[in-house]
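here are the coordinates; sequence isn't available:
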């Protein structure tokens, strides 16, 4: 009898073990670091279904505060108690800032009709969904689940050199320019790339002990959205010329509509697909037709020949292969030597850059191959006049990358929106009042007094931190 009882007891224990192991295997939590303005940091595991009020109740005792005293800040905004963790851009090892509330009345009244309250929703997500209507889903033959994965996406793009070593979707973040703390709330939204890239454009309220709630200037920066957070010091370089092709503009070279695209910084805003941009860079590199600008470095202009169109952020050339980028760096260094009055060793396989004293014609490649040559004719050193060297062809073979003027006229970022798309107004998603956007950021507020709805010009949905993190100003 005892044998039978023991047998069933073991079966029951085994079943309980299996169920408990299954529960652990499907456990879905995020490991988050909570950092206080006193320097204390704690680690917590958060269920994505929790809201910020739950987080405050969990974190408060760990940092010596009452839950009602805690203010949670993330990416330049205070998070509301009703904000759900799943709606925030929180990957594993992300950082939330917890500071003590020192005001009696919240700065942002938690009212859905209050623009400030809308602005305090979480700036989350690395992707922005351009919503498909039910009719569009039906036309495309998409189910609800499939439509969710087939939506167009809009990003900020960055070069991630720390982990991914390539172009990736990016997340916009902000900190205090004075103390570098992330415990800040922005006074206003950034409206353009100048607000992000130029110092002292947007002010913040900093909650760090060093600043003690003073108003400082913001310092915007980007992080890669496609790997686990490497800490608060992690940064990626903004590739601000690369944009999601939400306007379906054709490439000026191949005329195909691709996504994403690079928009050159010329007045016309000519557009090229990424493949054609790489081909353009590779061909100009082989021909050594990059421009060496004293301020911008080794760079290229718009291939349509537009003035004032040089690419200022040279990390865009990281889209070349590793071998080509190494060649780009070498050629750039050589051009710098030449512009400084130096010469390159003409010996095949060498090319060492050499700075030569003015008036000296005898040059020795001392740190390279040891070749001694004449500075004027780049032949072996000689006494007397230089002799002309016959050349049967041009020095460099042209690769034939060309741009048709007609295509260039159709591949203009600004003109496409004015002429081809002709979108001047959009209806408020709530009351359908026609609204015109004449500049500024994508955060729209309905002008109808009875409405006042906060919505996104790009998504035409309620304004969220998805929009703030991905296309706040374009």
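Great, that's in hand. As the structure is a computational prediction, the values presented were derived from the model and not from experiment.

Which helix or which strand is home to residue 335?
Assessed by DSSP states H and E, residue 335 sits inside helix 322-339.

Phi, psi for residue 468 please.
The phi and psi torsions at residue 468 (degrees, to the nearest 10) take the values phi -60, psi -40.

Hmm, residue 189 and it touching each other?
Yes. Contact criterion C-beta atoms under 8 Å: residue 468 and residue 189 qualify, at 7.1 Å. C-beta coordinates here come from the backbone N, C-alpha and C atoms, glycine included.

Any chance you could list residues touching both of these two?
residue 443 (C-beta atoms under 8 Å, 6 or more residues apart in numbering).

Looking at these two, which is more packed in?
Comparing residue 468 with residue 189 by other C-beta atoms under 10 Å, the one with more neighbours is residue 468, at 29 against 19.

And that one, how far from residue 265?
Per C-beta to C-beta, to the nearest Å, residue 468 is found 24 Å from residue 265.

Then residue 246?
19 Å.

Show me the strands in the stretch 201-350 of the chain, by range?
Along the stretch 201-350 of the chain, the segments classed as strands by DSSP state E, counting those that start in this stretch run 203-206, 215-224, 237-238, 242-243, 261-263, 271-273, 291-293, 297-299, 343-344.

Out of those strands, the one nearest residue 337 is which?
strand 343-344 (6.8 Å; C-beta to C-beta).

Show me where the stretch 101-250 of the chain dips below the pLDDT cut-off.
102-154 (pLDDT under 70).

can you give me the helices in it?
With DSSP state H, counting those that start in this stretch as the criterion, the stretch 101-250 of the chain has helices at 115-119, 134-140, 144-150, 193-197.

who touches residue 222 in this structure?
By C-beta under 8 Å, 6+ apart, the neighbours of residue 222 are 156, 158, 170, 171, 172, 173, 235, 236, 237, 238.

so what's the closest residue in space to it that isn't next to it in sequence up against?
Computed as C-beta to C-beta, 6 or more residues apart in numbering, the closest residue to residue 222 that is not its neighbour in sequence is residue 170, at 4.4 Å. Counting by C-beta under 8 Å, 6+ apart, residue 170 makes contact with 126, 155, 156, 157, 158, 222, 223, 224, 225, 236, 238.

picking that back up, out of the strands of the stretch 201-350 of the chain, deepest packed?
Sort the strands of the stretch 201-350 of the chain by mean neighbour count, taking mean count of other C-beta atoms under 10 Å, and strand 271-273 sits at the top with a mean of 26.

partners of that strand in the sheet?
Strand 271-273 pairs in its sheet with strand 261-263 (antiparallel), by DSSP bridges.

so residue 57 makes contact with residue 69?
No. Residue 57 is beyond contact range of residue 69, at 11.6 Å (criterion: C-beta under 8 Å).

Residue 433 contacts residue 449, correct?
No. Contact criterion C-beta under 8 Å: residue 433 and residue 449 do not qualify, at 10.4 Å.

These two: which has the busier surroundings?
The residue with more neighbours, out of residue 433 and residue 449, is residue 433; 14 against 6, by other C-beta under 10 Å.

Quick check: that one vs residue 463, distance?
16 Å.

and what of residue 367?
In this view, residue 367 and residue 463 are 60 Å apart by C-beta to C-beta.

More neighbours: which of those two?
residue 463 (23 against 10).

for the spatially closest residue to that one that is not a sequence neighbour, phi and psi?
Nearest residue to residue 463 in three dimensions, chain neighbours excluded: residue 454, at 4.4 Å (C-beta to C-beta, 6+ apart). Dihedral angles of residue 454 (phi, psi; degrees, to the nearest 10) stand at phi -90, psi 120.

Can you name the residues that contact the residue lying closest to residue 99 once chain neighbours are set aside?
Of all residues not flanking residue 99 in the chain, residue 207 sits nearest, at 4.3 Å (C-beta to C-beta, 6+ apart). Residues in contact with residue 207 (C-beta under 8 Å, 6+ apart) are 37, 71, 73, 97, 99, 181, 183, 184, 185, 213.

Distance of residue 207 relative to residue 36?
When residue 207 is compared with residue 36 (using C-beta to C-beta), they lie 10 Å apart.

Quick check: neighbours shared by those two?
97, 99.

For residue 348, the count of nearby residues, please.
Using other C-beta under 10 Å: residue 348 sits among 8 other residues.

Residue 286 now?
15.

what does the one 10 residues further on give?
The local packing count at residue 296 equals 13, with neighbours defined by other C-beta under 10 Å.

and it, what pLDDT?
With respect to pLDDT, residue 296 scores 90.

tell me the mean pLDDT for stretch 63-73?
86.

all helices for the stretch 251-400 of the chain, in order.
274-286, 322-339.

Out of those, which one sits most buried?
Buried most deeply of the helices of the stretch 251-400 of the chain, by mean count of other C-beta under 10 Å, is helix 274-286, with a mean of 18.
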